[in-house]
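Peer 1: quick check, what structure comes out for this input:
(2 chains)
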Amino acid sequence: MGFMEAMLSMMAVVLVLMAYLGSVASTITVTGDPVDPLEDLSLEASMVEGMVILESSDDLPGFIARNGYSGICVTVSVPFFSSDYYEVIVGSMEGDLHTRSWTGLIPADGGRSIVAVYGVTVCR
Amino acid sequence: MNKRGMTAFVDAVVFMLVIMLAVSVTVHYTDGAREAEDASALLDDLASVEVRLSDLTVLDDDSLAYLPDLLAYAMETGDTTPIDYAKDVLDVSCSGHAYVLTLRYMGEEMRIGDGDGTPARGTSMEVTLSTGGSLSMGLDLFS
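Peer 2: Residues are numbered from 1 along each chain as shown, chains lettered A, B, ... in the order given. Sure thing, here's the model as predicted:
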């Protein structure tokens, strides 16, 4: 194999892989991660007399409309301290479901501060 | 190595580099879909939990105490309720992913959870206890 053939084959490989990387990048840009907008969703809960309450949240109907979801389901559970959990569903949950969960500290009776697990499922 | 062999070698090296670049980009974006809780935020939350002594111990005392104090108490006395609380929180928040919470206090070590191998994420912190001394907490999350 001569030098020119080697360079040509290398160029061919580079071109094909660049096309592949380009297609991956454009797909990511177009679709994005469906749960990315949840980074901006603010939820605050508390536990009163053993009951979990979602104190405040963004305007959920507005949130799903802004981000192109057909529905959203928010759950708040408090491990160990309550077998009860809070759940609210807005819109329709029929379609592709994407879930993200995270923890946060919430106030409880008697000045306690305990861990709550927020789970949000969005439908697109 | 003659010129022909050298050319083929350089060609192969360039080819492998480009392949590795493509694979790393693809793996990076695939890994982004993982839902596991961020280890640092979760450990911070655990260390900041404040409950009544009577919530997690046999003591009939409604004074507030931080969870690290109670975990140290559990390691010292064998009362496992504070450990059970930490385990409950991790079970729910890690939602099926393996984890290991490692506690070190007064020369003793306790592992909570059954993660094995190389953790996907991990963090550790040293917490000063209200009774003096410190508790070392480390959290590893697995894929």
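Peer 1: and chain B, is the helix or strand containing A:V74 touching that?
Peer 2: Using DSSP states H and E, A:V74 maps to strand A:71-77. Yes. Applying Cβ under 8 Å from any Cβ of the partner chain, one finds strand A:71-77 in contact with chain B at A:S77. From N, CA and C alone the C-beta is placed, and that goes for glycine too.
Peer 1: next secondary structure after that strand?
Peer 2: Next helix or strand after strand A:71-77 toward the C-terminus (DSSP H and E): strand A:85-91.
Peer 1: partners of that following strand, with directions?
Peer 2: strand A:71-77 (antiparallel) (DSSP bridges).
Peer 1: what does chain B have sitting close to chain A?
Peer 2: B:3-4, B:7-8, B:10-11, B:14-15, B:18-19, B:21-22, B:25-26, B:29, B:32-33, B:35, B:37-38, B:41-42, B:45-46, B:48-52, B:55, B:62, B:64, B:84-85, B:88-89, B:91-93, B:95.
Peer 1: one step back: next one: the strand holding A:V74 to chain centre, how far?
Peer 2: How far strand A:71-77 lies from its chain's middle: 12 Å, per Cα atoms, centre = their mean, to the nearest Å.
Peer 1: what residues does that strand touch?
Peer 2: Identification of contacts with strand A:71-77 by Cβ atoms under 8 Å, 6 or more residues apart in numbering or on different chains yields A:43, A:45, A:52, A:54, A:57, A:60, A:63-64, A:85-95, A:116-123, B:92.
Peer 1: for ChimeraX, what selects the buried ones among these?
Peer 2: In ChimeraX syntax, the buried subset of the contacts of strand A:71-77 is picked out as below (16 or more other Cβ atoms under 10 Å in any protein chain shown):
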select /A:43,45,52,54,57,60,63,64,85,86,90,91,116,117,118,119,120,121,122,123 /B:92
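Peer 1: sort out for me which of the contacts of strand A:71-77 are in helices.
Peer 2: Among the contacts of strand A:71-77, the residues falling in helices (DSSP state H) are A:60, A:63-64, B:92.
Peer 1: okay, now the unreliable bits of the chain?
Peer 2: Went with chain A since none was named. Along chain A, the parts satisfying pLDDT under 70 run over A:1, A:26-32, A:58.
Peer 1: I was thinking of chain B, sorry if that wasn't clear
Peer 2: Counting by pLDDT under 70, the ranges of chain B that qualify are B:1-2, B:25-37.
Peer 1: assign B:A41 to helix, strand or coil.
Peer 2: Following DSSP: H, G, I helix; E, B strand; the rest coil, B:A41 is assigned to helix.
Peer 1: now it: how far from B:Y73?
Peer 2: For B:A41, the distance to B:Y73 equals 25 Å [Cβ to Cβ, to the nearest Å].
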